[in-house]
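Q: I'll drop the sequence and a predicted model, then ask my questions.
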Amino acid sequence: MVVMKFGGTSVGSAAAMRQVIANVAEKKKSSAPLVVLSACSGITNKLIQIADAAGSGCLEEAQQLVGEVRQFHLDLIGELIESEELQQEVIAKIEVYLTRLERLTEGIEIVGELTERSKDRFCSFGELLSTSVFAAALNEAGVSCKWIDVRTVMITDDRFGFARPLAEICQKNTSEIIKPLLDAGTVVVTQGYIGATESGRTTTLGRGGSDLSAALFGAWLHSESIEIWTDVDGVMTTDPRIVPEAKSIRVMTFSEAAELAYLGAKVLHPDTIAPAVQKNIPVYVLNTWHPDSKGTLITNDPELLAGKSHGGLVKSIAVKKAQAILNIRSNRMFGRHGFMSELFDVFERFGISVEMISTSEVSVSLTVDDAVVSEPLIKALGALGEVEIEHKVATVSVVGDNLRMSKGVAGRIFNSLRNVNLRMISQGASEINVGVVVDESDVQAAVASLHCEFFAESQCDAIFEKPAGS
Ligand SMILES: Nc1ncnc2c1ncn2[C@@H]1O[C@H](COP(=O)(O)OP(=O)(O)O)[C@@H](O)[C@H]1O
Ligand SMILES: N[C@@H](CC(=O)OP(=O)(O)O)C(=O)O
């Protein structure tokens, strides 16, 4: 059995949903898959806008946005479902969710306070709506399926906005609720990204979390593979939106994929890999629009990784925008122990994760998400030394398992970046990445130069594939 996850871009229009239906129907010829869907592209952002507008008292704006969410899904139903009866049935189903969304919007406006818990409730409607429409369309297309509210299976802790599953309960629920249906040949359609606490409060796994849902289900079902279907030909040598000549990577290791995801490659959620590694399940990243192209296989199987298909010094270049550099300078650091622990204590207290770090005798530079830089944080760091902030920077990281054994890579990286102003340099402890920090305005130039250096036609044609249709 296989888990197929389709992202927001794969269910963002009637045409995309039709393509997904075709891909699921094809898969069903061999065995019934578990289909995990995200919200339609742009809807989660809109739900967050609705929540923010309601929380800040702008009820009219919030209601107008709810109207847009309603219209979007009604249009989808109109385009996808022909039978009048089925149309009415699915409209009635989504109206239940839309009415709850309206009530929630009004309630939040009245109390004038938006908590993480209510934000998760807002966000959950995206996946509930997309899967309701999709399941009806799939049934109409003759692929009989069962829609499941994932909140009856994915039971999580109560860290709203970043919930994690209670594995034993989820494993049991998956075996009792989902597995028998799949074994009987019924396609199961459910939501990624969302879950519920034991007491039934809706939670989310964090933005982009549908990949993680799919990987967890893959592990709980001991599936043959986990398929992440998206809008590009697998994991590529860099984000094709930055370098259109980027090539598809055929095979990569779990550690390379995890590192790339953590360092910003949006194509995979950073936590996707762990459940797959635990159960040694191969992960495929595939293009919804080109189901016959190979995409990327992520595995640790030495046979599949052997030979030139896994060669190449650098595997991919990841970019993380919207970062900030914090420079903390203090003479107290000189020859004194305990400074670093005091410094990290501040980040611990604020619940902020530090991305890159480089130190000297008297200063520490580190990067964090620009969005988490706040007055109280700067004040707390200010107690340790003089603080300087550089906003709107990006980390650019070169990743590949073979970097570990290679000489001269740093020279090639810095030579190709000689015309770019480097704000920071760092090598990951895993030794499979080297990262630099640049101004956001220099990202294009930096990534294009690095891509040219490491993926010029002649050196990588045998290892990487041009995306289908190019
Ligand atoms: N190394 C990379 N390989 C492939 N895509 C990447 C990479 N880095 C960033 N991306 C971006 O990730 C996007 C897919 O992620 P996302 O938009 O979250 O898709 P989905 O809606 O399927 O979840 C691609 O369109 C691409 O622009
Ligand atoms: N809809 C959620 C979850 C998700 O994983 O979406 P996507 O697969 O489109 O990245 C989000 O936008 O964060």
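A: Sure thing, it's come through. Numbers count the residues shown, from 1 in each chain. Ligands and ions are numbered 1, 2, ... in the order given.
Q: tell me the contacts of the residue of the chain found nearest ligand 1?
A: Proximity of the chain to ligand 1 (CB to the nearest ligand atom) peaks at G7, 2.0 Å away. Placement of C-beta: from N, CA and C, glycine included. The contact partners of G7, taken as CB atoms under 8 Å, 6 or more residues apart in numbering, are 38, 210-211, 228-231.
Q: so which of these sit within strands?
A: Mapping the contacts of G7 onto strands (DSSP state E) picks out 228-230.
Q: would you mind checking the residues you listed for buried ones?
A: 228-230 (16 or more other CB atoms under 10 Å).
Q: restrict the residues you listed to contacts with ligand 1.
A: Counting by CB under 6 Å from any ligand atom, T230 from those sit close to ligand 1.
Q: specify which member of the buried ones among the ones in strands among the contacts of G7 is nearest to ligand 2.
A: Closest to ligand 2 out of these is T230 (7.7 Å), distances taken as CB to the nearest ligand atom.
Q: I'd say the closest one and G8 touch.
A: No - with contact defined as CB atoms under 8 Å, T230 does not reach G8; the gap is 9.3 Å.
Q: can I get the contacts of G7 in JSON lines with distance to V20 and pLDDT?
A: JSON lines is the format used below for the contacts of G7 (distance: CB to CB, whole Å; pLDDT from 0 to 100):
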{"residue": "S38", "distance to V20": "11", "pLDDT": "98"}
{"residue": "S210", "distance to V20": "13", "pLDDT": "97"}
{"residue": "D211", "distance to V20": "16", "pLDDT": "97"}
{"residue": "I228", "distance to V20": "13", "pLDDT": "98"}
{"residue": "W229", "distance to V20": "7", "pLDDT": "98"}
{"residue": "T230", "distance to V20": "11", "pLDDT": "97"}
{"residue": "D231", "distance to V20": "12", "pLDDT": "95"}
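Q: which one of those residues sits closest to G55?
A: Nearest to G55, judged by CB to CB, of the contacts of G7 is S38 at 23.9 Å.
Q: could you report the neighbour count for the closest one?
A: Neighbours of S38 under the rule other CB atoms under 10 Å: 29.
Q: ditto for K119
A: For K119, the count of nearby residues is 19 (other CB under 10 Å).
Q: I figured it hits A51, correct?
A: Yes - under the criterion of CB under 8 Å, K119 makes contact with A51 at 5.2 Å.
Q: tell me how many other residues surround A456.
A: 10.
Q: okay, it and V409: tell me how far apart.
A: Relative to V409, A456 is positioned 15 Å away (CB to CB, to the nearest Å).
Q: what do you get for L381?
A: Relative to V409, L381 is positioned 33 Å away (CB to CB).
Q: likewise V346?
A: 34 Å.
Q: before we move on, back to that, quick one: which of the ones in strands among the contacts of G7 is nearest D292?
A: Closest to D292 out of these is W229 (12.9 Å), distances taken as CB to CB.
Q: for that closest one, name its beta-bridge partners.
A: Taking DSSP bridges as the rule, W229 bridges to F6, L286.
Q: got it, and D439?
A: In beta-bridge terms (that is, DSSP bridges), D439 pairs with V393.
Q: once you drop chain neighbours, what's closest to the residue of the stretch 251-400 of the chain found nearest ligand 2?
A: Nearest residue of the stretch 251-400 of the chain to ligand 2, counting by CB to the nearest ligand atom: H269, 6.6 Å away. With sequence-adjacent residues excluded and distances taken as CB to CB, 6 or more residues apart in numbering, H269 is closest to D211, at 3.8 Å.
Q: burial count for the one you found?
A: Counted with other CB under 10 Å, D211 comes out at 28.
Q: how far away is L417 from A446?
A: 6 Å.
Q: actually, G411.
A: From G411 over to A446 the distance is 16 Å, taken as CB to CB.
Q: okay, the two: which has more neighbours?
A: Taking other CB under 10 Å, G411 and A446 do not tie; A446 has more neighbours (25 against 9).
Q: enumerate every residue touching that one.
A: Residues in contact with A446, defined by CB under 8 Å, 6+ apart, are 396, 417, 420, 436, 438.
Q: neighbour-wise, which one of the residues you listed leads?
A: Within the contacts of A446, neighbour counts (other CB under 10 Å) peak at V396, which reaches 29 neighbours.
Q: for that residue, what are its contacts?
A: Neighbouring residues of V396 by CB under 8 Å, 6+ apart: 317-319, 435-438, 443, 446-447, 450.
Q: what sits against H222?
A: 279, 281.
Q: tell me the confidence at it?
A: At H222, the model reports a pLDDT of 97.
Q: over to C40?
A: You'll see C40 listed with a pLDDT of 98.
Q: measure it to A214 for me?
A: Counting by CB to CB, the separation of C40 from A214 is 17 Å.
Q: of the two, which one has the most company?
A: Shown here are C40 and A214; by other CB under 10 Å, A214 has more neighbours (33 against 26).
Q: so that one is in contact with K5, correct?
A: Yes - A214 is within contact range of K5, at 3.5 Å (criterion: CB under 8 Å).
Q: common neighbours of the two, please.
A: Both A214 and K5 are contacted by 36, 192, 226-228, under the criterion CB under 8 Å, 6+ apart.
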